[in-house]
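Participant: From the sequence below, what's the structure:
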Amino acid sequence: MGQIVLTSKSSLLLLLVSIPGVLLQRQESSSHPPLRPAEAQIYQPALQPSESIPPIGTYMLRNQAGEPCVKVTLGVEYIVVEKMKSWYFSMDPTRVGTSGYCTNNLAVLSLMLPHSSAGLQFTFMKEKKTFYVQQLEAHISPQPICEKCANKTYVGLLAQKKLFVTSDGQSFKCASETLLVLSPQLKIKLVPLQMQAFSLPRGAYGTELECWADYNKRVIPIVIGAVVVGLLLIAMLTFLFIKDRRTQDYERL
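Facilitator: Below is the predicted model:
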């Protein structure tokens with residue numbers, strides 16, 4: 001008469017209450033793990049008042065057959081112009097996500113930072129035996145440059161262009177700075193730069209096509225040196241000629 005009869009359900013409930021850690025563990029295992037503070041916050045690029053050398057990343061895009069169709073190696077620096085002052089941000093390759101697609105004559109490569117806070121998109125076109133970048137888009141949504149400043153997204157576009165024209169099977173390479181003005185408030189600096197699209201056997205770069213800036217840096221010192229040597233030779237020959245004429249005049253006297 002004084003005994004308490006327990007059903008199966010009440011026995012289970014009593015067991016869980018007596019072991020509090022069991023119920024807590026079962027609830028946590030059925031939900032996603034909590035985000036770390038750094039992951040829970042929205043990533044925003046931090047603009048800097050001075051320039052820095054951007055880190056270099058290599059990005060590969062493959063077609064539906066799994067073959068490499070676009071390869072780009074570059075460092076990217078965003079230049080934001082706000083209130084007549086320039087601010088800078090270098091893209092971190094370790095945070096970049098790559099996406100895009102390739103067809104026979106068209107390829108699109110997108111480089112995106114977390115939460116679409118900054119992005120750069122190349123549109124490649126193939127025309128006969130050459131390829132080039134027809135369109136370049138960029139955007140950046142940085143942290144406000146002052147405490148009371150509002151969030152702002154800077155957008156720029158170069159469309160219907162023929163940038164970095166290169167023969168099929170070759171790669172365009174430029175170690176010098178490539179500065180592109182996409183809008184009055186947004187510029188993109190690519191340094192260094194190497195790219196190849198469509199024909200990319202085994203994912204390796206083909207013969208390098210040197211950009212004009214690199215060519216001028218290499219050739220102009222040679223030309224200047226040759227001009228200086230030529231002027232020195234002319235001056236020396238002129239001096240010898242005048243000296244020889246004076247010697248002949250002395251002999252006549």
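
Participant: What's opposite Gly119 in the beta bridge?
Facilitator: Following DSSP bridges, Gly119 is listed with bridge partners Met112, His139.

Participant: With adjacent residues omitted, what lies nearest to Val76?
Facilitator: Met91 (4.0 Å; CB to CB, 6 or more residues apart in numbering). To be clear about C-beta, it is placed using only N, CA and C from the backbone, and glycine gets the same treatment.

Participant: Repeat that for Leu157.
Facilitator: Nearest in space to Leu157, with sequence neighbours left out and distances taken as CB to CB, 6+ apart, is Glu137 at 5.2 Å.

Participant: Just to check, that neighbour is in contact with Leu180?
Facilitator: No - Glu137 sits out of contact with Leu180 when judged by CB atoms under 8 Å, with a separation of 11.1 Å.

Participant: can you list residues touching both of these two?
Facilitator: Counting by CB atoms under 8 Å, 6 or more residues apart in numbering, the common neighbours of Glu137 and Leu180 are Leu158.

Participant: longest strand anywhere in this structure?
Facilitator: strand 68-82 (DSSP state E).

Participant: domains of this structure?
Facilitator: When the chain is parsed into structural domains using automatic domain parsing, the resulting residue ranges are 56-210, 212-253.

Participant: Same list (these) but as CSV, adding mean pLDDT and distance to Gln41.
Facilitator: As requested, the domains of the chain are exported to CSV (pLDDT from 0 to 100; distance: least, CB to CB, whole Å):
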stretch, mean pLDDT, distance to Gln41
domain 56-210, 96, 9
domain 212-253, 68, 40
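
Participant: just the ones you listed: most buried one?
Facilitator: Stretch with highest mean neighbour count among the domains of the chain: domain 56-210 (a mean of 16; mean count of other CB atoms under 10 Å).

Participant: Now do that one: distance to the chain's middle.
Facilitator: For domain 56-210, the separation from the chain centroid amounts to 6 Å (computed by CA atoms, centre = their mean, to the nearest Å).

Participant: quick one on the thing from earlier: counting contacts, what elements does the strand or helix carrying the residue nearest to Leu157 pack onto?
Facilitator: Glu137 is part of strand 130-140, with elements assigned from DSSP states H and E. The criterion is 3 or more CB pairs under 8 Å, 6 or more residues apart in numbering; DSSP states H and E, and the helices and strands that strand 130-140 contacts are strand 68-82, strand 118-127, strand 154-158, strand 163-167, strand 178-183, strand 186-197.

Participant: Reformat those strands as CSV; add distance to Tyr59.
Facilitator: Converted to CSV, these look like this (distance: least, CB to CB, whole Å):
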stretch, distance to Tyr59
strand 68-82, 5
strand 118-127, 10
strand 154-158, 19
strand 163-167, 15
strand 178-183, 16
strand 186-197, 9
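
Participant: Show me the one of those that comes nearest Leu106.
Facilitator: Distances from Leu106 to each of the helices and strands packed on strand 130-140 were compared by CB to CB, and the smallest falls on strand 118-127, at 6.3 Å.

Participant: what does the closest one contact?
Facilitator: Taking CB under 8 Å, 6+ apart as the criterion, the residues outside strand 118-127 that touch it are 45, 70, 72, 76, 78, 89, 91, 100, 104-113, 131-142, 168, 188, 195, 197-198.

Participant: Done for today, thanks.
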